[in-house]
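Chemist: Quick one: sequence and predicted model below, then my questions.
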Amino acid sequence: MALCALSVSIPALVWYANQFDSTTRAELKTQLRQTESAATVAPQIRPESSSEVVAVKTQSDALRDYKAGLSTIDGMSALISDIRPGLTEGEAELTVTAYFLAQPKAIREDLANSLWRAWVVSTGGESNVDRVRIRLVTSQGDKVGGSRTIAGSLIYVDD
């Protein structure tokens, strides 16, 4: 059985991540200014230290933006059939298709890394990339790749 050529290119995912990145940064800056203004009016909501500052974007907002961005890439639906919140905060669970699994391991690894990078950008997690994770599962729920336990940036796919 011959496989069709993969119609989703890694450069398309990288381009998407870069486009989304500039928009996200501008939105985050605006939201941060609004949050700081609100904190000035109501000092009791201002964090006591910078370590208490959390990401402006919620996980549901990040998932919505991630899905919307990936849906603009031709052929993505042939690889990913569903995207939902993962088991932990900052994790996205992506259900991969049989077509994804049929690709050579090197291509699956490149795609997984690009999908993770786009998720990092969607969450605004560039400052702590190892807390942002993806989990690749089959339609039966079997894990077939994603972020390693020790760091979100360590991406793998099963043989």
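Modeler: Nice, I can see it.

Chemist: Show me what stretch 132-146 is in contact with.
Modeler: Stretch 132-146 has contacts (Cβ atoms under 8 Å, 6 or more residues apart in numbering) with 81, 86-88, 90-97, 101, 108, 112, 115-116, 119-120, 123, 125, 147, 152, 155-158. C-beta: built from backbone N, CA, C; applies to glycine.

Chemist: From the residues you listed, list just the buried residues.
Modeler: By neighbour count, with 16 or more other Cβ atoms under 10 Å, the contacts of stretch 132-146 hold 81, 86, 90-96, 108, 112, 115-116, 119-120, 123, 125, 147, 152, 155-157 as buried.

Chemist: and these, which of them are in helices?
Modeler: Mapping the buried ones among the contacts of stretch 132-146 onto helices (DSSP state H) picks out 108, 112, 115-116, 119-120, 123.

Chemist: What residues does residue 101 make contact with?
Modeler: 108, 138, 144.

Chemist: Tell me the one of the ones in helices among the buried ones among the contacts of stretch 132-146 nearest residue 61?
Modeler: Among these, residue 123 lies closest to residue 61 (Cβ to Cβ), at 9.0 Å.

Chemist: pretty sure that closest one contacts residue 60?
Modeler: No: Residue 123 is beyond contact range of residue 60, at 11.1 Å (criterion: Cβ atoms under 8 Å).

Chemist: any chance you could map the strands in this protein?
Modeler: Under the criterion DSSP state E, the chain contains strands at 80-85, 91-96, 133-137, 143-147, 155-157.
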